[in-house]
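> Any chance you can model this:
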Amino acid sequence: MKNARAYTLAILTGLTLVTSGCAVWRGQENVGTYVDDKTITASVKTKLLEDKRTGGLSINVSTLQGTVELSGFAKSQQEKDVAGMLARDTKGVREVHNSLLVRP
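Here you go, the predicted structure:
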């Protein structure tokens with residue numbers, strides 16, 4: 001039973017490593033940029049979750065070469081605007097594409 005868990009954990013770890021690095025392998029980014037993008041995404045998501053004016057759980061964040069894409073749903077235009085402002089004010093962000101849809 002212990003060996004089965006160890007093998008399962010090893011397989012899942014390997015799959016995570018392989019799938020998380022696929023953007024680098026396709027030549028889209030170098031490793032440093034890929035890591036920076038992941039850090040930016042995490043920072044923006046943290047800001048959205050901490051700010052009481054935004055519903056961080058309903059906003060998706062992705063980053064590619066310093067450009068942040070916000071997608072998902074906002075409850076109001078104000079929430080959409082605040083989310084865009086928080087993303088723009090995050091270190092390392094070059095550009096923000098605010099694709100949030102306002103849905104009451």
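
> use CA for all of it now, contacts and neighbours both
OK.

> any idea which helix or strand of this protein has the worst average confidence?
The weakest-scoring helix or strand in the chain, judged by mean pLDDT, DSSP states H and E, is helix 22-25 (a mean of 48).

> Next secondary structure after the strand ranked longest in the chain?
Taking DSSP state E as the criterion, the chain has its longest strand at strand 67-74. Following strand 67-74 in sequence order, the next helix or strand is helix 77-88 (DSSP states H and E).

> need the next SSE after that next one, C-terminal direction.
According to DSSP H and E, the helix or strand after helix 77-88 is strand 95-98.

> partners of that following strand, with directions?
Looking at strand 95-98 with DSSP bridges, its partner strands are strand 67-74 (parallel).

> quick check: angle from the partner strand to helix 77-88?
160 degrees (axes from the mean of the first three to the mean of the last three CA atoms, to 10 degrees).

> what comes into contact with strand 67-74?
With CA atoms under 8 Å, 6 or more residues apart in numbering as the contact definition, strand 67-74 has outside contacts at 41, 54-55, 58-63, 80, 84, 87, 93-104.

> and the very next helix or strand once past the least confident helix or strand of the chain, what does it pack onto?
Next helix or strand after helix 22-25 toward the C-terminus (DSSP H and E): helix 31-50. Here helix 31-50 touches helix 22-25, strand 59-64, helix 77-88, going by 3 or more CA pairs under 8 Å, 6 or more residues apart in numbering; DSSP states H and E.

> And the ones you listed: which comes nearest Asp36?
strand 59-64 (9.1 Å; CA to CA).

> quick one: buried residues of the closest one?
59-64 (16 or more other CA atoms under 10 Å).

> Quickly run through the sheet partners of that strand, with directions.
strand 67-74 (antiparallel).
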